[in-house]
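> Have a look; sequence and predicted model below, questions after that.
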Amino acid sequence: QMLASGSYDTTIRVWNPATGKEERSLSGHTEWVTSVCFSPDGQMLASGSSDKTVRLWNPSTGEEKSSLTGHTSSVTSVCFSPDGKSLASGSRDRTVRLWNPLSGEEKSTLSGSLFCWCPGHIATAEGKAIRVYQMDGKLVAYLVAPSAVSSIACSGERISAGCETGEQVHLRADFLTLEC
């Protein structure tokens, strides 16, 4: 088991959670590391940074596998899909990009800066807009929340979003019904 942390000093540190000791430090980003995420099998580590890049690493060796470019502003979040076949990165440029983590190829660019994975889908949010896409990037639902969305999460087939004014919004499994 491993634990990873991103830092303002541009490094990623990989820790042994059982001992609390640092195993290795990964260098490559040129600005603050804002997000890190392990692949579901633990064999790959993704990092996002204010330097506008996403980097993929072998967490066991510290080797950088690839640097993914395309965002035009800080990358604020990275997360692998539950099956590990896709990687999403959210950015202040108001896009969520889907990547093939093995090839480093960009698969889709979606509208939004917040995102969450759902079974067979990815949901994004920007402002009051909530969008649900198929894994190929095809838009399947577009809904408007009562106020700006500040967080979004998925549990099974249900998407929940928190709004800046305190409301909570829930989407049912059909992605067409908004419940406040």
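Arrived safely, thanks for sending.
> which helices and strands does the helix or strand hosting H170 pack with?
When elements are defined using DSSP states H and E, H170 is found to belong to strand 168-171. Packed against strand 168-171 by the contact rule (3 or more CB pairs under 8 Å, 6 or more residues apart in numbering; DSSP states H and E) you find strand 129-134, strand 158-163, strand 178-179. C-betas here are computed from N, CA, C, even on glycine.
> Lowest average pLDDT across those?
For the helices and strands packed on strand 168-171, the stretch scoring lowest in mean pLDDT is strand 178-179; its value is a mean of 57.
> okay, and the helix or strand of this protein with the least pLDDT?
Of all the helices and strands that make up the chain, strand 178-179 has the lowest average by mean pLDDT, DSSP states H and E, namely a mean of 57.
> Quick check: buried residues in the strand holding H170?
Residues V169, L171 are the ones in strand 168-171 that count as buried (16 or more other CB atoms under 10 Å).
> residues contacting G162?
Residues in contact with G162, defined by CB atoms under 8 Å, 6 or more residues apart in numbering, are V149, S150, S151, I152, Q168, V169.
> Which residues does the fourth one form beta bridges with?
Taking DSSP bridges as the rule, I152 bridges to A161.
> burial measure for it, as a count.
When counting by other CB atoms under 10 Å, one arrives at 20 neighbours for I152.
> Is it correct that it is in contact with S113?
No: under the contact definition of CB atoms under 8 Å, I152 does not touch S113, with a separation of 10.2 Å.
> Which residues are in contact with each of the two?
Overlap between the neighbourhoods of I152 and S113 consists of T124, A125, taking contacts as CB under 8 Å, 6+ apart.
> From the chain's centroid, how far away is stretch 36-56?
Going by CA atoms, centre = their mean, to the nearest Å, the spacing between the C-alpha centre of stretch 36-56 and its chain's C-alpha centre is 9 Å.
> in that stretch, what's buried?
36-39, 44-56.
> try stretch 102-114
Neighbour-count burial for stretch 102-114, counted by 16+ other CB under 10 Å, picks out K107, S108, L110, S111, G112, S113, L114.
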